[in-house]
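Student: sequence unknown, structure follows:
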């Protein structure tokens, strides 16, 4: 386990490069936009199914 941790730290020091500040900002905007779109899609599907269930059970009770 100790060897694994040492090798991981060495890998981080020598092989990993961080994106620039501008690239990080651009990626953050992309993630935010897709998160909002996914949340809206989930809300829309939930609303539609909720209405369908309501209509179904109202039809059964009549």
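Tutor: Perfect, I can see it now. The structure displayed is predicted, hence computed values, not measured ones.
Student: element containing residue 4?
Tutor: helix 2-14 (DSSP states H and E).
Student: ok, residues contacting that helix?
Tutor: Outside helix 2-14, not one residue touches it by C-beta atoms under 8 Å, 6 or more residues apart in numbering. No exception for glycine: its C-beta is placed from N, CA and C like everyone else's.
Student: can you name the element that comes right after it?
Tutor: Defined by DSSP H and E, the subsequent element after helix 2-14 is helix 21-61.
Student: how about the helix holding residue 4: buried residues?
Tutor: When neighbours are counted by 16 or more other C-beta atoms under 10 Å, no buried residue of helix 2-14 is found.
Student: gap between that helix and the chain center?
Tutor: 29 Å (C-alpha atoms, centre = their mean, to the nearest Å).
Student: what's the answer for stretch 44-61, then?
Tutor: 27 Å.
Student: what residues are up against the residue nearest in space to the middle of the chain?
Tutor: Nearest residue to the geometric centre of the chain (C-alpha atoms, centre = their mean): residue 35, 5.6 Å. By C-beta under 8 Å, 6+ apart, residue 35 lies in contact with nothing.
Student: please shift the residue numbers so they start at 10 in all later answers.
Tutor: Sure, I'll start numbering at 10, so the last one becomes residue 44.
Student: need the pLDDT of it.
Tutor: Per-residue pLDDT puts residue 44 at 98.
Student: next: residue 67.
Tutor: 93.
Student: do the same with residue 22
Tutor: Residue 22 is given a pLDDT of 91.
Student: run through the protein and note the low-pLDDT ranges.
Tutor: Across the chain, nothing is flagged by pLDDT under 70.
Student: if we go to 90?
Tutor: Scanning the chain for pLDDT under 90 picks out 25, 27, 70-71.
Student: if I look at residue 58, how far off is residue 66?
Tutor: Per C-beta to C-beta, to the nearest Å, residue 58 is found 13 Å from residue 66.
Student: err, residue 38, not the other one
Tutor: In terms of C-beta to C-beta, residue 38 sits 42 Å off from residue 66.
Student: likewise for residue 34?
Tutor: Residue 34 is 48 Å from residue 66, by C-beta to C-beta.
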